[in-house]
Each structure stands twice: as C-alpha cells, then as structure tokens.
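**Student:** Model the structure of this input:
(chains A and B)
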Amino acid sequence: MEGPAGVAIGDARIPMAEDQDRRAAELTLVRAAQGGDLLAFERLYRDNERKVFGLCFRLSGDPALAEELTQEVFVRAWRKLASFRGESAFSSWLYPLTVNVAFSERRSRRRRDARIVATEDPERLERTPRTPTPEAGFDLDKAIASLPPGARAVFVLHDVEGRTHEEIAALLKLAPGTSKAQLFRARRLLREALAS
Amino acid sequence: MTCHELDERLDDFVDGRLGDRESTQVQAHLASCASCRERAQQLRRLLAHAAALPRGVAPPQDLWPGIRERIERRSAWAGFWVSWQPIALAAAAVVAALAAFLWNGSGPIAVRTVAMPSATPSLRPAAGTGTSDPVLAEAVRNYEQAASALLETLQRRRAVLSAEDLARVEANIQVIDRALVEVREALVKDPESPELNRMLVATHKKKVDVLRRVVHLTTAL
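**Tutor:** Numbers count the residues shown, from 1 in each chain, chains lettered A, B, ... in the order given. I've put the predicted structure just below:
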C-alpha cells in the first residue's frame, strides 16, 4: 500500500517540481533582464511570443497589425520590467499589458494604416496565420476578425481565452453587463456566419 | 417557453448561468423544438471550436530584431541622459550660485530670446555676444549660429521624440540657457575676466555639443 501511494505522490509531485523549476528559471531570466541583459529578455520573448502574438492577432483581427502590437508589447514590457516582482508567472504579468496595447493602441493602428499603403512586401499582409479548424470549411479566426472590435475582444477573452466577465470588465474597463451583451452579440454574429 | 424567450436565455443556459427552474424550462423547450435544438447545438459547436483554438500563434516572421532595435534605440537615449546629467548639474550649479537672476521668462528652446541684462554703454559686450574680446565674440557668434540651426532641425523633428524625451531636452536646454545668462551677467560686471570668458565660450560649446547629439539621436528614430 505504501509503495503505490508513494508512486502516486511522486507522480503528483513531478509536474509541480517542474513547474517550480520553470518559474525559478524564468525568474532568473527576468532578474537578468531587469539588470539590462537583452539576451535574457530575448529568451523571455521567445518563451511568450506565440501567446502574445496569438492574443494580439485575435484582438486586432489583423495579422500585420498584430506584428506591430506584439513588438509594442515587448518594448513596453522591457520599459516596465522593473515593476515585475516575480509574484506571478511572467506570462500573467504580460497578459493585461498585451490586452491594453492590443485593444487601445490607436496610434499603432494609424501607423499600420500608413504602412499598408507604403509596404514593399504586399504578400506579407496576406500571410494570415492559420490555425487548425475542427469545423471543416469554416475559418473561425477569419470570422472572429470580421466581428466589430468590442464584440471581438470580449468573445476572444471569454470563449477563446477562458476569462470571466468580471476579469474582462477589469481588463477592458467595461461594466460586466456590457461584456456579457458584447459576448452574446459576437456569438450571434458568429453563429450566423457558421450557418451561412 | 416560446422560441424567442429561449433565444434570450440560450447563452446563459449554455454557459451554465441559469438557475434550476429556468434551466429545466429551457431543457423542456429544447426537447420539443427541433429548430431551437439545432441553434443550441450550433452554439455548443461554436464554443467548442473557439475553446479548441490554440492560444499561441506563431508570428509570420521573427519579430525580435524589430523589438531589439527599438529597445537599443531607447537605451541610446538613456545613455545620453546619463552622460548629460553631470553637464546639467554643473549648469544648474552655476544657476543656483547666482539665484537672483534665475529665470528670464523665455520659452522652451529659445536661445535667441535669452535676455541680456541692462548694462552701461561702456560695459556692453561686443555685438551682443556677452564678451568684449573680439576673438571670443566671433567664437560665440559661431556657436550661436550652430545652436540656432540645430534647434531649427530639432523643432522639425520634435514629432519623433516621445513627450518625455522632448520635455527633458527642453528642460535641460533651459538650464544651459540660464547658465549662459548668468555668465553674461557676471561678464557685464567683470568683462576682462579670463575665467568668465572661457566659461562663456565653453557653455556655448557645450550647448552645441548637446544639441548635435540630440539631433543625431533623432535621426535614428
């Protein structure tokens, strides 16, 4: 009895220990980056770029703009790094910063608009990230991108990211009721797109 | 429950936010209405699809070089301010030592509007340069022309500076201008002082050096 229980406990501890090791390694990188080590910050970027880009991409509905927003997130993160005290995962610290940049950075949008006209690589704008789609023939990311910005943001945060209305209200500075209304609107529009 | 009433509750039902009584009513309606049942299934498929989307998406290209460039550009500014600090402190010390004439009321980045103190005609510096030495006066005029040209360039490029950097440039140029005013004031009282004349030229040179570096940094933005 003692043997199997010990294994079970051991099995349970392994992921916890791995998680602790990962957090410790991440904190070491953050401390180095806080001291000005750009290579350490690059590793933090590499560890988080997909999450940040994915969120920027879905919140903006525009892959070219998402690139710009992702860069802005990490530049701001570098500037604000001193305020990270290691009480949460680095990705958790990045999350509200990413939402804030992606949802409210209107200046970036204007720069994007100017750049689209001037770009020397128009094909780059067509390289929309593709994600696996359980519903054959229906590109949900494309449908999400076509939503009005407010409804899109709430749908992404609630139904893709799994955030609660209370969290979304705090992140987007909305009333929880507004978040709920925007979610239902987004779902209705997406259901219509799905049905067509 | 009508189809319309169900439609109003469907999202809450699927999210598990309805109480037992309303939830039972919805389930009863769905059991008897094929079209509402289809809508509910459609919503569940949509939510399953959304939840299955990968949170992470790879950017189409490597974004790090652009991030690094912007960070290093910021670092160049940070380094500039660190190197500038002793100069600013020295200029501020001159101003503090002669506190009676601290502020001339001119606007930011306004080297041309530096006020000359009232002076008797015999002590008035040559051609408004602040010094009676013709060689030094020529040097001061050259520095003033250079500073003026650099300030014009900086004004044209001010849009590329962050509000924070712009405010710091303006504040520090004001400090150096105030130091110049103080040296000129002192020269009015002691026009032959070699130390004050050297200080006047050195301060002009410092202003041009600083402006040149600021303008250079703005070209990288």
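
**Student:** so which helix or strand takes in residue 40?
**Tutor:** No chain was given, so I picked chain A. Element membership for residue A:40, per DSSP states H and E: helix A:38-60.

**Student:** that answer is for a different chain, and I need it for chain B
**Tutor:** Assigned by DSSP H and E, residue B:40 falls in helix B:34-52.

**Student:** Report the mean confidence score over that helix.
**Tutor:** Averaged over helix B:34-52, pLDDT sits at 91.

**Student:** contacts for that helix?
**Tutor:** Helix B:34-52 is touched from outside by A:132-135, A:138, A:140, A:155, A:159-160, A:162, A:187, A:190-191, A:194-195, B:3, B:6-7, B:10-11, B:13-14, B:29-31, with contacts defined as CB atoms under 8 Å, 6 or more residues apart in numbering or on different chains. Using the backbone N, CA and C atoms, a C-beta is placed for each residue, glycine as well.

**Student:** now do 7 Å
**Tutor:** Under the criterion CB atoms under 7 Å, 6 or more residues apart in numbering or on different chains, residues A:134-135, A:140, A:159-160, A:187, A:190-191, A:194-195, B:3, B:6, B:10, B:14, B:29-30 lie in contact with helix B:34-52.

**Student:** helix or strand for residue A:187, which one?
**Tutor:** Going by DSSP H and E, residue A:187 is in helix A:176-195.

**Student:** That helix - contacts with which helices or strands?
**Tutor:** On a contact count with 3 or more CB pairs under 7 Å, 6 or more residues apart in numbering or on different chains; DSSP states H and E, helix A:176-195 meets helix A:149-155, helix A:165-172, helix B:34-52.

**Student:** circling back to that earlier point, next SSE after the helix holding residue A:40?
**Tutor:** Following helix A:38-60 in sequence, per DSSP H and E, is helix A:63-80.

**Student:** Now do that following helix against helix A:38-60, angle only.
**Tutor:** 140 degrees (axes from the mean of the first three to the mean of the last three CA atoms, to 10 degrees).

**Student:** wait, does helix A:63-80 make contact with chain B?
**Tutor:** Yes: Helix A:63-80 reaches chain B (CB under 7 Å from any CB of the partner chain) through A:63, A:67, A:70-71, A:74-75, A:78.

**Student:** ok, and for that helix, which residues are buried?
**Tutor:** A:63-78 (16 or more other CB atoms under 10 Å in any protein chain shown).

**Student:** chain center to it, what's the gap?
**Tutor:** Centre-to-centre, helix A:63-80 and its host chain are 11 Å apart (CA atoms, centre = their mean, to the nearest Å).

**Student:** for stretch A:152-162, same thing?
**Tutor:** 10 Å.

**Student:** which parts of the helix or strand containing residue B:143 are buried?
**Tutor:** According to DSSP H and E, residue B:143 maps onto helix B:134-157. For helix B:134-157, the buried set under the neighbour-count rule, 16+ other CB under 10 Å, comprises B:136-137, B:139-140, B:143-144, B:146-147, B:150-151, B:153-154.

**Student:** what's that helix packed up against?
**Tutor:** helix B:194-219.

**Student:** Redo the buried residues of helix B:134-157 as a markdown table? Include distance to residue A:41.
**Tutor:** A markdown table is the format used below for these (distance: CB to CB, whole Å):
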| residue | distance to residue A:41 |
| --- | --- |
| B:136 | 49 |
| B:137 | 52 |
| B:139 | 46 |
| B:140 | 46 |
| B:143 | 41 |
| B:144 | 43 |
| B:146 | 39 |
| B:147 | 38 |
| B:150 | 34 |
| B:151 | 36 |
| B:153 | 33 |
| B:154 | 31 |
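
**Student:** Can you tell me which of those residues is closest to residue B:25?
**Tutor:** Here the nearest of these to residue B:25, counting by CB to CB, is residue B:154; it sits at 70.8 Å.

**Student:** show me what contacts the closest one?
**Tutor:** B:211, B:214-215, B:218.

**Student:** run the last query once more with 6 Å
**Tutor:** residue B:215 (CB atoms under 6 Å, 6 or more residues apart in numbering or on different chains).

**Student:** Next: residue B:187.
**Tutor:** Residue B:187 neighbours (CB under 6 Å, 6+ apart): B:130, B:196.

**Student:** mind checking which helix or strand it is in?
**Tutor:** helix B:163-189.

**Student:** Between helix B:194-219 and that helix, find me the angle.
**Tutor:** Using the same axes, to 10 degrees: helix B:163-189 against helix B:194-219 is 160 degrees.

**Student:** what about helix B:163-189, average pLDDT?
**Tutor:** Helix B:163-189 comes out at a mean pLDDT of 81.

**Student:** Nearest spatial neighbour of the residue of chain A found nearest chain B, chain-adjacent residues omitted?
**Tutor:** Residue nearest to chain B within chain A (CB to the nearest CB): residue A:50, separated by 3.2 Å. Leaving aside its chain neighbours, residue A:50 sits nearest to residue B:56 (3.2 Å; criterion: CB to CB, 6 or more residues apart in numbering or on different chains).

**Student:** mind checking pLDDT for that neighbour?
**Tutor:** Reported pLDDT for residue B:56: 91.

**Student:** That one: how many residues sit nearby?
**Tutor:** 13 (other CB atoms under 10 Å in any protein chain shown).

**Student:** Check residue B:2 too.
**Tutor:** Neighbours around residue B:2, by other CB under 10 Å: 10.
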